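Undergrad: structure for this input, please:
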Amino acid sequence: MSLYPSLDYFIAIAKHNNITKAANELYVSQQTLSIYLKKLEEYYQIQLFERYPKMCLTPAGEAVYEAALEIADAYSRVDEKLDKIKNVTHKIRLGICKAKIDNLLGYYPLARLKKSVGVDVEIIEKTSTELEKEALNGELDLYIGNEDVDQGIFETYHINTYPYYVFISPELFQNYVAERYGVDVETCAKGIDLQMLKEVPFIASQFGHLRTYVMEYEKKCGFKLDIVVENSNPNLRIQMAEYNIGFTISEEPVITYDKLYLFPIKQPDNKLSLGLVRRRMPVNSKYADDCWKYTIENIQEITRYGRF
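TA: Have a look, this model is predicted:
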């Protein structure tokens, strides 16, 4: 592993003579490598790869490839020597959005990560918006959160998509929705319009993507939900809904709430797209790059048991 990912990018493309195979090896998108290669050729003002009839190195590309291998090997030897001299444990900062912190910590293989990659991991719990800012400023190595970010600045790996649902007690549904709009549970089970809930007491999320989603929809449709309580803990909001304090919006829960109706939302974009996110360039360290790859390699295990 080189100190700078650009060496790894070029070496992988040259090794495979194929953008798709190189992207799969590096756990990056094809777009990332295509943009990188275009910028590299613009920088050197010479073509490094023939594209047709099949991809292969040009004579200039061969020269760059040979030099890249030598540089990567030198960096690797320097890292090994310095690690022995310093005898230190490296640390990376992994951010996790508040909405998913409870799902992750019991299932993310931190112990095996330390053994495999050789790092300690500091977990940072914040909203996706806050994590994005810290990653942009180089204060985070990578984070798990909303993947709707600037793809020119950030690199993402999709984990899962989580639709939002309305959680409402039978009593509130009957008094505020069924009687006023002439709808029943079976109808709303196919989807409910948030405007039908504008007079129902609302237990709102304080931060994050869900808060932004609700505010943007209110602005677009020209109405305001009747917020009575704000809390960032989705489980607590759902429990408050069970006590008839109001309705709330959250993702589909891991456990079943027998005292509540659970309705999908009709509005578009009513979902959280969760992904692994990091700043494209520069990567903070080779250990952060190793952690990125390790997380992707183990993401099936995390999502299977952690309900990601």
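
Undergrad: what segments of the stretch 151-300 of the chain are helices?
TA: Taking DSSP state H, counting those that start in this stretch as the criterion, the stretch 151-300 of the chain carries its helices at 170-172, 179-181, 185-188, 208-221, 234-242, 286-297, 299-306.

Undergrad: show the average pLDDT along the last one.
TA: For helix 299-306, mean pLDDT is 57.

Undergrad: what do you get for the fourth one?
TA: Confidence for helix 208-221, expressed as mean pLDDT, is 83.

Undergrad: and it, how far out from the chain's middle?
TA: Averaging C-alpha positions (Cα atoms, centre = their mean, to the nearest Å) puts helix 208-221 20 Å from its chain's average.

Undergrad: for that helix, enumerate the helices and strands it packs against.
TA: With contacts taken as 3 or more Cβ pairs under 8 Å, 6 or more residues apart in numbering; DSSP states H and E, helix 208-221 sits against helix 128-136, strand 247-251. Just so you know, the C-beta spots here come from the backbone N, C-alpha and C atoms, and that holds for glycine as well.

Undergrad: please identify the deepest-packed of those.
TA: For the helices and strands packed on helix 208-221, the largest average neighbour count (mean count of other Cβ atoms under 10 Å) is found in strand 247-251, namely a mean of 24.

Undergrad: quick one on the thing from earlier: right, and the helices and strands packed on helix 208-221 - which one's nearest residue 209?
TA: Among the helices and strands packed on helix 208-221, the nearest to residue 209 by Cβ to Cβ is helix 128-136 (5.6 Å).

Undergrad: which SS state does residue 82 fall under?
TA: With DSSP: H, G, I helix; E, B strand; the rest coil as the basis, residue 82 sits in helix.

Undergrad: ok, it to residue 238 distance?
TA: Going from residue 82 to residue 238 by Cβ to Cβ, to the nearest Å gives 50 Å.

Undergrad: more neighbours, those two?
TA: Neighbour comparison, residue 82 and residue 238: the larger count goes to residue 238, with 21 against 10 (by other Cβ atoms under 10 Å).

Undergrad: which pLDDT does the model give the more buried one?
TA: In this model, residue 238 is scored at 91, pLDDT.

Undergrad: identify the residues contacting it.
TA: 167, 248, 250, 253, 257, 260 (Cβ atoms under 8 Å, 6 or more residues apart in numbering).

Undergrad: a markdown table please, covering those and showing pLDDT.
TA: Putting the contacts of residue 238 into a markdown table (pLDDT from 0 to 100) gives the following:
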| residue | pLDDT |
| --- | --- |
| 167 | 95 |
| 248 | 94 |
| 250 | 88 |
| 253 | 68 |
| 257 | 77 |
| 260 | 94 |
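
Undergrad: specify which member of those is nearest to residue 155.
TA: Among the contacts of residue 238, residue 250 lies closest to residue 155 (Cβ to Cβ), at 28.3 Å.

Undergrad: okay, domains of the chain per the record?
TA: According to automatic domain parsing, the chain comprises the domains 5-85, 89-159+273-306, 162-271.

Undergrad: so which of the helices of the stretch 151-300 of the chain gets nearest residue 131?
TA: Distance to residue 131, taken as Cβ to Cβ, is lowest for helix 208-221 among those, at 9.9 Å.

Undergrad: per-residue pLDDT, residue 229?
TA: 93.

Undergrad: number of nearby residues for residue 161?
TA: Residue 161 has 12 neighbours, counted by other Cβ under 10 Å.

Undergrad: list the contacts for it?
TA: Taking Cβ under 8 Å, 6+ apart, we find residue 161 in contact with 271-274.

Undergrad: which strand residues bridge it?
TA: residue 273 (DSSP bridges).

Undergrad: need the pLDDT of it.
TA: pLDDT recorded at residue 161 is 84.

Undergrad: distance of it relative to residue 149?
TA: Separation of residue 161 from residue 149 (Cβ to Cβ): 15 Å.
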